[in-house]
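Peer 1: show me how the following folds:
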Amino acid sequence: MKPLPNRAQIGQRVSLRLQDPEGGFRDLLGHLVAVNQVRKKDGQVVTFDPHLIAIWKVIPSNPISTGIFLYDTMSRAQREVSISDGKALRMYCCGPTVYRDAHVGNLRTFLLGDLIMRLVRLGGHHVRSVQNITDVGHMSEDINSAEELEDKILSQAKAEQRDPFVVARAYEAGFHHDIARLGISTSDIYPRASESIELMHRLIAELIDSDHAYIGGDGTVYFSASSYESYGALSGNKLAELLPGHRYEYEEGADSKRFHADWALWKVAGNRSEMVWDSPWGRGFPGWHIECSAMSLHYLDNHVDLHLGGIDLRFPHHENERAQSNCASLSEVTDQWVHGEHLLFEGRKMSKSSGNVVLLDDVIARGFDPLALRLVFLENKYRSQMDLTWDQIGAADSTIARWRNKYQEWSQAESHNDPEAVAAIIESIYALLRADLDTPRALVKLRALERDSSISDSSKAQVFAAVDNIFALDLTRAFTAPELSPDVQELIALRAQAREAKDFARSDELRDELATKKIKVNDGPNGQSWEVIP
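Peer 2: All right, here's what the predicted structure looks like:
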């Protein structure tokens, strides 16, 4: 008799014929999401008794090659992105911990997923994207002992004297607002850690049953790092060489863990009274790493084609997540791991203690178009460390304004198109993007096109409009002058007078005041001009 479906088949498309207790048979077709559950095409999850299976089979998928090559952290090489189920690219992007506003370094990482989604869809393929919202369980890394350990959300809630969930929702809303202003495509689903507790409970129970997890001496459930032979393959760390107390972990006591590199899946509540839940192992809260395993396995049917995140997440977060997911699914869950590099600001790492954390609101407050920040990001390779400066943002802002004006001029020019030449230019830019998202070289081609007198203006307009499907700089937007309130008109006039009198200090003051009213002033050879900040 053929063996019944097991965890190794979870995520695969199956066809089942079940005996009906009242006589006859009934058929089920869909993706196996548990050994006794199938998700049908309409999304309905049907539970069945495995012992009633008369016959069943796995329906082979036909993977689709996308022609897009990205650097895979696991294999240390560029690999072609493949749609494993032949339907949609399954992509998981590590999202924000919503205890503060996302700074520009975070936003650079989130842009990576947007570029990939746009490129895949440009090729005519579908994307199924999940990005988690961490609103519980992410502990402060600036600790010296277990007593000082504190959840980042709870710590911020105390500082603001607000309910922790109110704090989390406020910063979550800010995250969505920021990515919208940067033109970052939305994911299909944004599961919250606090609303995925049952998913984590089920996964933890499976890991305990398979001896990959255990209950420690302090009542906390730990993953046994040594139970997974391939641990360290992603980051290059060797388990035997890891020192106690690595980032996001701490030493609970001699009798708590079996091995110092083991990590918490479910932490005992102790004296903590907020953001805690009942569980089979007592009242407590989830560890940080378990949420991404639970969410990705559940929402992407046990397989991830592409897993994205910042390079700082490679270890321990992604290393631990890989171990959890693979041990639960009995397979290599993720095909490719793609990481974006660090961002510095004016030569230094951004940090609260250094006082150099820059938000998107700070960029806008200086009168810059938020998409100027997007352009600066595109001018740097995603997996190269980037040093961002205000001068770069200012230059990018001027470039976008110039390109938008140029596009309006070009699009109104008499048509003298060479369709083959236009198609060749567009394809040459897309080819660079498919080669590990080489956005810097793609933009060099765009700048060269702008200056090329041998290409007609109408052809230039066609190219700029086409490639903006990926660059998303809103290059085809026409400037429309809105009606200004009398007080804003007066400020603009006063600034013009200050410039004429060479009172540059007063001119700068008025420019900053206008920026607070969403008016950006530009100075040129013909005097000042203005536009509304989006």
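Peer 1: what's near enough to touch residue 135?
Peer 2: Neighbouring residues of residue 135 by C-beta atoms under 8 Å, 6 or more residues apart in numbering: 97-98, 153, 165, 168, 172, 192-194. Yep, even glycine has a C-beta here, placed from its N, CA and C like the rest.
Peer 1: residue 216 touches residue 260, doesn't it?
Peer 2: No. Taking C-beta atoms under 8 Å as the definition, residue 216 is not a contact partner of residue 260, at 11.9 Å.
Peer 1: those two: who's more crowded?
Peer 2: Shown here are residue 216 and residue 260; by other C-beta atoms under 10 Å, residue 216 has more neighbours (19 against 16).
Peer 1: how close does the more buried one get to residue 509?
Peer 2: 60 Å (C-beta to C-beta, to the nearest Å).
Peer 1: again with residue 295
Peer 2: For residue 295 relative to residue 509 (C-beta to C-beta), the value is 49 Å.
Peer 1: of those two, who's got more company?
Peer 2: The residue with more neighbours, out of residue 295 and residue 509, is residue 295; 25 against 14, by other C-beta under 10 Å.
Peer 1: whichever strand or helix holds the more buried one - contacts with which helices or strands?
Peer 2: Assessed by DSSP states H and E, residue 295 sits inside helix 288-299. In terms of contacts (3 or more C-beta pairs under 8 Å, 6 or more residues apart in numbering; DSSP states H and E), helix 288-299 is packed against strand 88-93, strand 126-131, helix 197-209, strand 263-268, helix 319-329.
Peer 1: and the contacts of residue 135, which of them are in helices?
Peer 2: Those of the contacts of residue 135 mapping onto helices are 153, 165, 168, 172, per DSSP state H.
Peer 1: my guess is the second one contacts residue 195. True?
Peer 2: No. Under the criterion of C-beta under 8 Å, residue 165 lies out of contact with residue 195, with a separation of 10.6 Å.
Peer 1: which of the two has more residues huddled nearby?
Peer 2: Counted by other C-beta under 10 Å, residue 165 and residue 195 do not tie: residue 165 has more neighbours, with 16 against 11.
Peer 1: in this structure residue 375 contacts residue 474, no?
Peer 2: No. With contact defined as C-beta under 8 Å, residue 375 does not count as touching residue 474 (10.7 Å).
Peer 1: need the residues touching each of these two.
Peer 2: residue 400.
Peer 1: helices or strands next to the longest helix along the chain in the packing?
Peer 2: When the chain is parsed with DSSP H, its longest helix is helix 390-411. Using 3+ C-beta pairs under 8 Å, 6+ apart, the elements in contact with helix 390-411 are helix 370-378, helix 457-471.
Peer 1: now the strands for the stretch 1-150 of the chain?
Peer 2: 13-19, 25-34, 37-39, 45-47, 53-58, 64-72, 77-83, 88-93, 126-131 (DSSP state E, counting those that start in this stretch).
Peer 1: I'd like those strands laid out as a markdown table, including mean pLDDT.
Peer 2: Below are those laid out as a markdown table (pLDDT from 0 to 100):
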| stretch | mean pLDDT |
| --- | --- |
| strand 13-19 | 90 |
| strand 25-34 | 88 |
| strand 37-39 | 89 |
| strand 45-47 | 91 |
| strand 53-58 | 88 |
| strand 64-72 | 97 |
| strand 77-83 | 97 |
| strand 88-93 | 98 |
| strand 126-131 | 98 |
